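*Asks:* what would the 3D arrangement of this be:
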Amino acid sequence: MEKVLNTTRIDEIMTAKGLSQTALGESLGVTRAAVSKWLTGKSFPRPAELLKLGRLLGLGHKELVVSHAPQHEPLVAFRRRGSCLTTDEHVQRARDMGRLLKPLVPFLEVDEFIGPPTLKNPSCDYRYIQDLAARIRRDLDIAENAAFEFGALIALFEKHQAVIVPTLWGPKTKHENAIHIHLPDSQTTWIYLNLDVEIRDFKFWMAHELGHVLTVDLLREEKIELAEDFADAFAGVLLFPESVAKVAYAEYKKARSVQGQLRVLFTWAEQHMISPNSVYKEIEKFAAHLREHFTKIPASTLHSSIAQKHKHEDLVSTRLFDGKLPTADHFMRVVQDAFRTQAYSALSRYVREKKPSAGTVATILGINRMDASAYLEAFAQ
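*Replies:* Numbering: from 1, shown residues only. Here you go, the predicted structure:
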């Protein structure tokens, strides 16, 4: 068993006493940086420091320290921005978010007896994923050649007890566009989705995160690369299945020029509200499945053409908020309606009952303290 500080309880006492990390450190004779490492789980106080901390906060050892098995650590996966590298610091920060999400679980409306279904033996095999996507479409009564709408994706997240946490992280300010956090104890999954992205990419990322929800065992077994490969393959097929790729590929082969091939990609992408690059990848896979030679478009031409075509496309946040920066209250009302999410209603009930600090809310939502204070004010209304 691993011993860690009961940061939720400590944060509550610090807030009640009006103690900052700096003030706490001064009272204990340590630096603010040392206190920060204790509260984020990066280090643990020495016995003498632990005794002083307990006396200062009025907490006995059982309240001050909790034990947990390492296997119950939050499981995380990232949808990274571009070529950004995921560091140990990113993983630690996501796990800190997960630990602070645990107290919110009792405020969710999820089945406490039966956990969400997962795939038995997930595979990146072409036929396996095609059959899986076809099964999901049948279960939702979605025609095999129909566009997979956002509402259907949201319904699948609900079915698998995954909580969507829409956020405004800016177009270029964070390492990730999405974070997947699974809490083993409660079998709940929290999917953070940055709304400051283009709609077509956002749809693919939602499907990608759904792939992680279906294969959480891969994360538990630390098969991270396989989990990412499966999620990408699953998202592409779910949104653009074989029956559609077959027709698109036939049109692509008839095109007499690169411009003609691009028109085919753009037309099908528009019909299914996905990126032309997703269409391209799926027809390429279909050709490989048939063992046919595939005439590729030069990568530079493909990506520059897509960028030019969609350079003025709206972000999801622009569509939802008419291009204006919403207040915390307005933001929560809109995303709760659009994504049918329990995230902010659960957070509201948690805040009203437990009175966490702005720092705790900031960590939970991955935002700065000033924005977190705005949420606390909205919850108090």
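
*Asks:* and Lys311, how many neighbours?
*Replies:* Using other CB atoms under 10 Å, Lys311 is surrounded by 8 other residues. C-beta here means a position set from N, CA and C on the backbone, and glycine is covered the same way.

*Asks:* wait, Pro106
*Replies:* Pro106 has 13 neighbours, counted by other CB under 10 Å.

*Asks:* what do you get for the one 10 residues further on?
*Replies:* By the measure other CB under 10 Å, the count of residues near Pro116 is 19.

*Asks:* hang on, isn't it packed against His182?
*Replies:* No: the pair Pro116 / His182 is not scored as a contact, 9.9 Å apart, by CB atoms under 8 Å.

*Asks:* surely Asn6 meets Val65?
*Replies:* Yes: using CB under 8 Å, Asn6 is in contact with Val65, at 6.5 Å.

*Asks:* quick one on the thing from earlier: common neighbours of Pro116 and His182, please.
*Replies:* Listed as contacting both Pro116 and His182 by CB atoms under 8 Å, 6 or more residues apart in numbering are Thr189.

*Asks:* name the element Val165 belongs to?
*Replies:* Secondary structure assigned from DSSP states H and E places Val165 in strand 162-167.

*Asks:* just list what that strand packs against, helices and strands only.
*Replies:* The elements that strand 162-167 packs onto, with contact taken as 3 or more CB pairs under 8 Å, 6 or more residues apart in numbering; DSSP states H and E, are helix 150-159, strand 188-194, helix 199-214, helix 328-339, helix 343-354.

*Asks:* columns mean pLDDT on top of the ones you listed, output as CSV?
*Replies:* As requested, the helices and strands packed on strand 162-167 are exported to CSV (pLDDT from 0 to 100):
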stretch, mean pLDDT
helix 150-159, 96
strand 188-194, 95
helix 199-214, 95
helix 328-339, 97
helix 343-354, 96
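
*Asks:* nearest to Ala23, of the ones you listed?
*Replies:* Among these, the nearest to Ala23 by CB to CB is helix 343-354 (21.6 Å).

*Asks:* so how far is stretch 76-90 off the chain centroid?
*Replies:* 12 Å (CA atoms, centre = their mean, to the nearest Å).

*Asks:* so how far is the first residue of that stretch from its last?
*Replies:* Start-to-end span of stretch 76-90 (CA to CA, to the nearest Å) is 10 Å.

*Asks:* got it, and stretch 144-153?
*Replies:* Using CA to CA, one end of stretch 144-153 lies 15 Å from the other.

*Asks:* number the chain from 36, please
*Replies:* Sure thing, new numbering starts at 36, so read that last one as stretch 179-188.

*Asks:* need the residues that contact that stretch.
*Replies:* By CB under 8 Å, 6+ apart, stretch 179-188 touches 169, 172, 175, 177, 238, 241-242, 245, 273-274, 276, 278-279, 282, 306-308.

*Asks:* narrow those to those in helices?
*Replies:* With helices taken from DSSP state H, the overlap with the contacts of stretch 179-188 comprises 169, 172, 238, 241-242, 245, 273-274, 278-279, 282, 306-307.

*Asks:* how close does Pro138 get to Arg404?
*Replies:* As judged by CB to CB, to the nearest Å, Pro138 and Arg404 stand 19 Å apart.

*Asks:* kindly state the pLDDT recorded for Thr376?
*Replies:* We have a pLDDT of 97 for Thr376.

*Asks:* ok, now which ones touch the spatially most distant residue from the centre of the chain?
*Replies:* Within the chain, the residue lying farthest from the chain centre (CA atoms, centre = their mean) is Arg291, at 41.1 Å. Not one residue lies near Arg291 by CB under 8 Å, 6+ apart.

*Asks:* look up phi and psi at it.
*Replies:* With angles defined as degrees, to the nearest 10, Arg291 sits at phi -100, psi 0.

*Asks:* residue contacts, Ala169?
*Replies:* Counting by CB under 8 Å, 6+ apart, Ala169 touches Glu179, Pro276.

*Asks:* how about Ala373: what's its closest non-neighbour residue?
*Replies:* Nearest non-adjacent residue to Ala373, counting by CB to CB, 6 or more residues apart in numbering: Leu355, 6.3 Å away.

*Asks:* tell me which element the one you found falls in.
*Replies:* According to DSSP H and E, Leu355 maps onto helix 351-356.

*Asks:* report the buried residues of that helix.
*Replies:* Within helix 351-356, the residues that count as buried by 16 or more other CB atoms under 10 Å are Val351, Ser352, Leu355, Phe356.
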